[in-house]
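**Student:** A structural model of the following input is requested.
(one chain, ligands or ions: 3)
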Amino acid sequence: MESLPPTMTAWTKTRDEQGGFSLAEHSVPSPAAGEVLIQTLSTSVCGTDLHIWKWDEWSRENVPLGTITGHETSGRVVALGEGVTTHSVGDHVAIECHLACWECPRCEEGNAHICENGSIFGVHGHGAFAPYFAIPATNARHVPEGLDPGHASIQDPLGNAIHTLTGGPVQGSTVAIHGLGPIGLFAVNAAKAMGATHIIAVDWDNTYRMELAKELGADIVLGKDDDIVAAILEATEGRGVDNSCEFSGSPTALSNTIHSTRMGGYVNVLSVYGQAMPAVPMNEVVFRYLHIKGINGRKMWSTWDKMHDLLEQGLIDVDKVLTHRMPIAQFEQAIELALSGNCGKVVLDFDA
Ligand SMILES: NC(=O)c1ccc[n+]([C@@H]2O[C@H](COP(=O)([O-])OP(=O)(O)OC[C@H]3O[C@@H](n4cnc5c(N)ncnc54)[C@H](O)[C@@H]3O)[C@@H](O)[C@H]2O)c1
Ligand SMILES: [Zn+2]
Ligand SMILES: [Zn+2]
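**Tutor:** Ligands and ions are numbered 1, 2, ... in the order given. Predicted coordinates:
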């Protein structure tokens, strides 16, 4: 057992307003039975953290004031709770933020990511914009030997991208990625790594991200000045792509996916839609015999196993998507940068 400080300061949502974070003092948690205590090495900023920063309706309903947020993280095991045999002190791990009961029908059928009694680490309870946190051992996934902690921390969004892509065929297939936020950019890169034959990347007006998509393996990049559906059909001999993935949250993009996927093809939707609920052209879905699938989280644990392989083989160009790293002291600047959109993934590093 390493000697641990009794207290720590952590970024905590303390005020009922936009921003509203303070560096508050907390006791260092002790791991309960079945849990491990992690010393945080890197935590990346997610779109969810931006919602909590803006303090929108969803955040006000889900995040209790006083919560330490942050859920995309990696670190080092520093203590074991009673009964933990799967981990040792010193192990490097990354976190699956969906906390599952492992007993409900959804967990039993292999869909723990939609556990009926689930909660999210760093949203409903304390998370990882803190130097230490406790988590069920099963949620602490071992990372490939020697992997940079910043790279290990982004497996939550990389896993979202891979889970979405694998809702349809990838190897030997044509793939369109709509929305080039960090998750869409990871999807472009993962599609390339997984052997897609032709990758079409689509954003609206974020030229910074459109450039990145080219570097990450997109064959064609489209934006608001293009006729998206016509361009995708033209690139696929008039058929449409085998597999369309929607990561933008824009109703227009959802409609584009449906009109530019081949007969019998796959449309996988990770996006969460805001005020503008999309009208779905159902007849097109029916007559084109499309498979439309909502995607949530990551499969526990097949998505993680796939990611482990890809990262271990160096097939994901994490450095290109991870555009900014800063010390945890600059949490507020990191959030502002992520809000501006002039970035890929932003990662906060801890002194450890
Ligand atoms: N279901 C889940 O488990 C889950 C998990 C994480 C994120 N999400 C959702 O996934 C989506 C992607 O997350 P992110 O953080 O990468 O997003 P982001 O908001 O950073 O990026 C969205 C991108 O879409 C682009 N865009 C806007 N309109 C477009 C259009 N009509 N066509 C194409 N692109 C357009 C924007 O310019 C932006 O670059 C979000 O909707 C998020 O809420 C879902
Ligand atoms: Zn996230
Ligand atoms: Zn369950």
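
**Student:** Any residues of the chain in contact with ligand 1? List them.
**Tutor:** 47, 160, 178-184, 202-204, 206, 209, 247-250, 252-253, 270-272, 295-297 (CB under 6 Å from any ligand atom). Where you see a C-beta, it was placed from the backbone N, CA and C, and this is true even at glycine.

**Student:** now G34: how far from T85?
**Tutor:** Taking CB to CB, to the nearest Å as the measure, G34 falls 10 Å from T85.

**Student:** Neighbour count: those two, which is higher?
**Tutor:** Remark: of G34 and T85, G34 carries more neighbours, 15 against 7, as counted by other CB atoms under 10 Å.

**Student:** Which of the residues of the chain next to ligand 1 fall in strands?
**Tutor:** 178, 202 (DSSP state E).

**Student:** Run through the residues that contact E215.
**Tutor:** Neighbour list for E215: 317, 320 [criterion: CB atoms under 8 Å, 6 or more residues apart in numbering].

**Student:** That one and L180: what is the separation?
**Tutor:** On the measure of CB to CB, E215 and L180 end up 12 Å apart.

**Student:** Strands along the stretch 151-300 of the chain, start to end?
**Tutor:** 174-178, 198-202, 220-222, 241-246, 261-269, 291-294 (DSSP state E, counting those that start in this stretch).

**Student:** burial count for the closest residue to L158 other than its chain neighbours?
**Tutor:** Nearest-residue entry for L158: F186, 4.7 Å, with adjacent residues in sequence omitted and distances by CB to CB, 6 or more residues apart in numbering. Around F186 sit 31 other residues, with neighbours defined as other CB under 10 Å.

**Student:** so what's F186 up against?
**Tutor:** Residues in contact with F186 (CB under 8 Å, 6+ apart) are 154, 157-158, 160-162, 316, 321.

**Student:** check contacts around the nearest residue to I328 once chain neighbours are set aside.
**Tutor:** Leaving aside its sequence neighbours, I328 sits nearest to L348 (CB to CB, 6+ apart; 4.7 Å). Applying CB under 8 Å, 6+ apart, we find L348 in contact with 42-45, 129, 325-328, 330-331, 334.

**Student:** pLDDT score assigned to the residue in the chain that ligand 1 sits nearest to?
**Tutor:** Per CB to the nearest ligand atom, G181 is where the chain lies closest to ligand 1, at 2.3 Å. On pLDDT, G181 comes in at 95.

**Student:** ditto for I120
**Tutor:** On pLDDT, I120 comes in at 97.

**Student:** show me what contacts it?
**Tutor:** 71, 97-99.

**Student:** the helices in the chain, which residues?
**Tutor:** Using DSSP state H, the helices of the chain run over residues 47-54, 57-62, 105-108, 149-153, 155-165, 182-193, 207-215, 228-235, 251-259, 282-287, 302-312, 318-321, 331-340.

**Student:** between those helices, which gets nearest to N243?
**Tutor:** In terms of CB to CB, the element of the helices of the chain nearest to N243 is helix 155-165, at 7.0 Å.

**Student:** which residues of the protein score low on pLDDT?
**Tutor:** 1-2 (pLDDT under 70).

**Student:** Right, and ligand 2 sits closest to which residue of the stretch 1-150 of the chain?
**Tutor:** C46 (3.0 Å; CB to the ion).

**Student:** Around ligand 3, pick out the residues from the chain.
**Tutor:** 100-101, 104, 107, 115 (CB under 5 Å from the ion).

**Student:** circling back to that earlier point, among the contacts of L348, give me the pair with the biggest separation.
**Tutor:** The span of those, defined through CB to CB, is set by F129 and R325 at 14.8 Å.

**Student:** Kindly report the residues of the stretch 1-150 of the chain close to ligand 2.
**Tutor:** 46, 72.

**Student:** Just list the residues touching the residue nearest to W11 when sequence neighbours are not counted, thanks.
**Tutor:** Counting by CB to CB, 6+ apart, the nearest residue to W11 once its immediate chain neighbours are dropped is F129, at 3.9 Å. F129 makes contact with 10-11, 43, 68-70, 122, 328, 331, 348, according to CB under 8 Å, 6+ apart.

**Student:** What is the neighbour count of the single nearest residue of the stretch 201-350 of the chain relative to ligand 3?
**Tutor:** The minimum distance from the stretch 201-350 of the chain to ligand 3, using CB to the ion, falls at M300 (10.4 Å). The tally of other residues near M300 (other CB under 10 Å) stands at 21.

**Student:** Now it: closest residue in space, sequence neighbours ignored.
**Tutor:** What sits nearest to M300 in space, not counting adjacent residues and going by CB to CB, 6+ apart, is A112, at 4.5 Å.

**Student:** The one you found is in contact with R106, isn't it?
**Tutor:** Yes. With contact defined as CB atoms under 8 Å, A112 reaches R106; the gap is 7.0 Å.

**Student:** The two - which one has more neighbours?
**Tutor:** Taking other CB under 10 Å, A112 and R106 do not tie; A112 has more neighbours (24 against 17).

**Student:** The spatially closest residue to the residue of the stretch 1-150 of the chain closest to ligand 2 that is not a sequence neighbour pairs with what?
**Tutor:** In space, and not counting its chain neighbours, C46 is closest to E72: 5.2 Å by CB to CB, 6+ apart. Beta-bridge pairing for E72 (DSSP bridges): S44.

**Student:** list the contacts for E72?
**Tutor:** Contacts of E72 (CB under 8 Å, 6+ apart): 43-46, 95, 97, 128, 153-157.

**Student:** Likewise for H151?
**Tutor:** Here H151 is in contact with 311, 318-319, 322 (criterion: CB under 8 Å, 6+ apart).
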